[in-house]
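**Student:** Sequence and computational prediction follow.
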Amino acid sequence: GDSVTQMEGPVTLSEEAFLTINCTYTATGYPSLFWYVQYPGEGLQLLLKATKADDKGSNKGFEATYRKETTSFHLEKGSVQVSDSAVYFCALRSSASKIIFGSGTRLSIRP
Amino acid sequence: DAGVIQSPRHEVTEMGQEVTLRCKPISGHDYLFWYRQTMMRGLELLIYFNNNVPIDDSGMPEDRFSAKMPNASFSTLKIQPSEPRDSAVYFCASSLGGRGLVMNTEAFFGQGTRLTVV
């Protein structure tokens, strides 16, 4: 069945460092891919999405490119801030319409 | 729109009691999802509905769990009887469908219900 695998956390970085959180997926057909962010005590919020191969999603300085050849959707940001500290989830939505999430990666940014 | 609304935000109950969690999706959305979040298992999809009809309940852990969607603006997740291992944060989310076979729309999440069974 469909699945999402993302890198284990926690990830701790210094402010202004470069961020990469890896995400790979397994799915039949042509899924849409998403990154969500969860701040403490809140629900998940959409960060960015890409709906077809080679699409790049971007928002708030974060980017991810839909790579069908490597079945990946890695999240990147060139310079992280303390306010980026949160849990990040990679997700896919297949033609079967369910939305499957990865296990989440906790990110902490040191001032 | 007020977004997805869940109630209650927090629930503490004793083992063996019935618990009912409630969700009001975003108006016009035709998909509704129930998820459970724990440290051990992460975010698990329990069940989802399309146009008020349950499509896949394979994630419902046991017969003690049941979910209903009597109309487009309301859904419930019931646990009866509750057990300590049911303690978790339960999220409801809603979305539009896509076009044809392309399901490219995101889900919008509620704030969650933190359930503690003692």
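**Tutor:** Thanks, I have the structure now. All values reported here derive from a predicted model rather than from experimental measurement. Residues are numbered from 1 along each chain as shown, chains lettered A, B, ... in the order given.

**Student:** In contact with A:Gly61, which residues?
**Tutor:** A:77-79 (Cβ atoms under 8 Å, 6 or more residues apart in numbering or on different chains). All C-beta spots, glycine's among them, are computed from the backbone N, C-alpha and C.

**Student:** Please identify, among the residues you listed, the one with the most neighbours.
**Tutor:** Using other Cβ atoms under 10 Å in any protein chain shown as the neighbour criterion, A:Lys77 leads those with 20 neighbours.

**Student:** all strands of the chain, in order?
**Tutor:** You didn't pick a chain, so chain A it is. A:3-6, A:11-14, A:19-21, A:23-26, A:32-38, A:44-50, A:56-59, A:62-65, A:75-77, A:86-93, A:99-101, A:105-110 (DSSP state E).

**Student:** try again with chain B
**Tutor:** Under DSSP E, chain B gives strands at B:5-7, B:10-13, B:19-24, B:31-38, B:42-50, B:53-56, B:65-71, B:74-79, B:88-95, B:108-109, B:113-117.

**Student:** Could you list the contact residues of chain B toward chain A?
**Tutor:** Residues of chain B lying close to chain A by Cβ under 8 Å from any Cβ of the partner chain are B:4, B:31, B:33, B:35, B:42-43, B:45, B:48, B:50, B:55-56, B:91, B:93, B:95, B:97-98, B:101-112.

**Student:** Let me know how buried residue 88 is, in neighbour terms.
**Tutor:** No chain specified, so I'll use chain A. For A:Tyr88, using other Cβ under 10 Å, the count is 25.

**Student:** Actually, chain B is the one I wanted.
**Tutor:** 20.

**Student:** I am finished for the moment; much appreciated.
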